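Visitor: could you work out the structure for the sequence below:
(chains A, B, C and D)
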Number of protein chains: 2
Amino acid sequence: MSTNHSKKPSKSDRTRGQILDAARDLFAEHGYDGASIRDVGTRASIDPAMVIRYFRSKDELFARAALVDLQLPALRVIDPATVGETLIRRFLEVWEGPASGPGMAILLRSAASNEFAAEKMREIFADQVRPVVAAVGDLADAGRRAGLISSQLLGLAMCRYVLRLPPVVALSHDEIIRNVGPALQRYATGEDTA
Amino acid sequence: MSTNHSKKPSKSDRTRGQILDAARDLFAEHGYDGASIRDVGTRASIDPAMVIRYFRSKDELFARAALVDLQLPALRVIDPATVGETLIRRFLEVWEGPASGPGMAILLRSAASNEFAAEKMREIFADQVRPVVAAVGDLADAGRRAGLISSQLLGLAMCRYVLRLPPVVALSHDEIIRNVGPALQRYATGEDTA
DNA sequence: GATAAAAGTCACCAATCGTTGACAAACGGA
DNA sequence: TCCGTTTGTCAACGATTGGTGACTTTTATC
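Guide: The predicted model follows:
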């Protein structure tokens, strides 16, 4: 045990990184069940036993692989007139920016059959869209409005990164912002209650 | 082999039905990988070997279990002014009506890691929302508009049936129609191209 | 009631899974 | 150079998977 405080680029950290990268790619492509520890080992050019030695179990490896991501600093002020556009902009940056890598695909592919991933996914929306939505309307129906927004965001990510529906993959960032932004805006300000 | 033309409630058909029902429930709850043939047998109170005898393989069983569904007769005339509401109405009926059972959940849970399910899902949207959308605007960007609509519909189903996001589960049909309808309408008529 | 087909049971195979422990090689400080 | 720690390899475990085939029981027809 090296405890390894502060900095030490010590040999093993590189291997650890390689394993994590391999795991991220495979989890993103095949989901939790579809990616075996042996596959991860092969992809990282290392014995499968090492995968377990570095991370203690497959679940722990998945947990590490899935917490890359996704959290721009909370916005200080939210302009109620542009909250929809702000939201879709933020998420696109996080999902396709270099920081999170395939992080979103990892969760999406596994959420359907892995409770840990599903819970993580619920947390993301609870922590990242609910507060924003709550800041631009009465708190009473903030949950409902946040739910509607989450459904659109998750559906977009699902079509684009998992199902790979061609016309959705083909959309540019600008097109997405121009089209989805107003829809989210409508949900956020909640102009129904007819 | 009984070929069994026309009607014969012959003993075996009942078992066949029980197996299919059990398979549908388990696939809907745990996805393709998560539901084993042994589980299906146990749930149907029958030996796992029988599951294979009735359906030749797990893939074939899944294929049977997944083709319950979902196809109201194609609408003859589509009123461009209410196409959004029409679409969300239709899908809610199919998804939660008695005919399809847990059919949508089966596909949703498996689409992430099973290519057959993913393809089936793409077909559904290609066959059911594209034509409708194409009928109410220029065909040039019908794919894009249909893609946006699909993303919202799929996200709604995902949040409601798989992720079970509480505020989305709590939505009534009327609330969904009132909120999602206009969003789909906007996508369908495509008022952007700024 | 005999008999053939249908319906159901049981034991088992080969493959794959996550995980473990015993052991060999590489490395670094003394 | 010696030696202990780190890094890695290898073979194997028990469990579970989809699938098979030999077998027995039920059912229906004559």
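
Visitor: surely residue A:63 touches residue A:117?
Guide: No. At 9.7 Å, residue A:63 does not count as touching residue A:117 under the criterion of CB atoms under 8 Å. Using the backbone N, CA and C atoms, a C-beta is placed for each residue, glycine as well.

Visitor: which one of those two has more residues nearby?
Guide: residue A:117 (24 against 14; other CB atoms under 10 Å in any protein chain shown).

Visitor: how about the host helix or strand of that one, does it reach chain B?
Guide: Assigned by DSSP states H and E, residue A:117 falls within helix A:115-128. Yes. Using CB under 8 Å from any CB of the partner chain, we find that helix A:115-128 touches chain B at A:118, A:121-122, A:125.

Visitor: list the buried ones in that helix?
Guide: Residues of helix A:115-128 classed as buried by neighbour count (16 or more other CB atoms under 10 Å in any protein chain shown): A:117-118, A:120-122, A:124-126, A:128.

Visitor: and the residues you listed as TSV, adding distance to residue A:17?
Guide: Below are the buried residues of helix A:115-128 laid out as TSV (distance: CB to CB, whole Å):
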residue	distance to residue A:17
A:117	22
A:118	27
A:120	22
A:121	25
A:122	29
A:124	24
A:125	29
A:126	30
A:128	27
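
Visitor: using the three-state scheme, assign residue A:51.
Guide: Taking DSSP: H, G, I helix; E, B strand; the rest coil as the rule, one finds residue A:51 in the helix state.

Visitor: ok, now which ones touch it?
Guide: By CB atoms under 8 Å, 6 or more residues apart in numbering or on different chains, the residues touching residue A:51 are A:19, A:23, A:37, A:40-41, A:44, A:61.

Visitor: please name the nearest non-neighbouring residue to residue A:126.
Guide: Closest residue in space to residue A:126, ignoring its immediate chain neighbours: residue A:146 at 7.9 Å, by CB to CB, 6 or more residues apart in numbering or on different chains.

Visitor: next, count neighbours for the one you found.
Guide: The number of residues near residue A:146, taken as other CB under 10 Å, comes to 24.

Visitor: so what's it up against?
Guide: Counted by CB under 8 Å, 6+ apart, residue A:146 has contacts A:125-126, A:129-130, A:133-134, B:167.

Visitor: now, among the residues you listed, which is nearest to DNA strand D?
Guide: Nearest to DNA strand D among those, counting by CB to the nearest atom of the strand, is residue A:125 at 31.1 Å.

Visitor: and residue A:108, how many residues sit next to it?
Guide: Quick note: residue A:108 (other CB under 10 Å) scores 23 neighbours.

Visitor: isn't it up against residue A:157?
Guide: Yes. Using CB under 8 Å, residue A:108 is in contact with residue A:157, at 6.0 Å.

Visitor: still on that earlier bit, filter the contacts of residue A:146 by proximity to DNA strand C?
Guide: By CB under 7 Å from any atom of the strand, no member of the contacts of residue A:146 lies near DNA strand C.

Visitor: output those in TSV, with pLDDT and distance to DNA strand D appended to each entry.
Guide: Shown next, in TSV, are those (pLDDT from 0 to 100; distance: CB to the nearest atom of the strand, whole Å):
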residue	pLDDT	distance to DNA strand D
A:125	87	31
A:126	90	32
A:129	92	36
A:130	93	37
A:133	93	41
A:134	93	42
B:167	97	34
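
Visitor: ok, so of the residues of helix A:115-128 next to chain B, who is nearest DNA strand C?
Guide: Using CB to the nearest atom of the strand, residue A:118 is the member of the residues of helix A:115-128 next to chain B that sits closest to DNA strand C, with 18.5 Å.

Visitor: check contacts around the closest one.
Guide: Neighbour list for residue A:118: A:111-112, B:162-163 [criterion: CB under 8 Å, 6+ apart].

Visitor: over to residue A:136?
Guide: Residue A:136 is in contact with A:78, A:80, A:83, A:188-189, counting by CB under 8 Å, 6+ apart.

Visitor: per-residue pLDDT, the residue nearest to it when sequence neighbours are not counted?
Guide: Of all residues not flanking residue A:136 in the chain, residue A:80 sits nearest, at 4.2 Å (CB to CB, 6+ apart). As predicted, residue A:80 sits at a pLDDT of 93.

Visitor: from DNA strand D, how far out is residue A:143?
Guide: Distance of residue A:143 to DNA strand D, given as CB to the nearest atom of the strand, to the nearest Å: 37 Å.

Visitor: what's the neighbour count on that residue?
Guide: Residue A:143 has 18 neighbouring residues, counting by other CB under 10 Å.

Visitor: nearest spatial neighbour of it, skipping sequence neighbours?
Guide: What sits nearest to residue A:143 in space, not counting adjacent residues and going by CB to CB, 6+ apart, is residue B:167, at 4.0 Å.

Visitor: correct me, but that neighbour touches residue A:140?
Guide: No. Look at residue B:167 against residue A:140 with CB under 8 Å: they stay out of range, at 11.9 Å.

Visitor: between these two, tell me which one has more neighbours.
Guide: Legend: neighbour count by other CB under 10 Å for residue B:167 and residue A:140, higher for residue B:167 (20 against 8).
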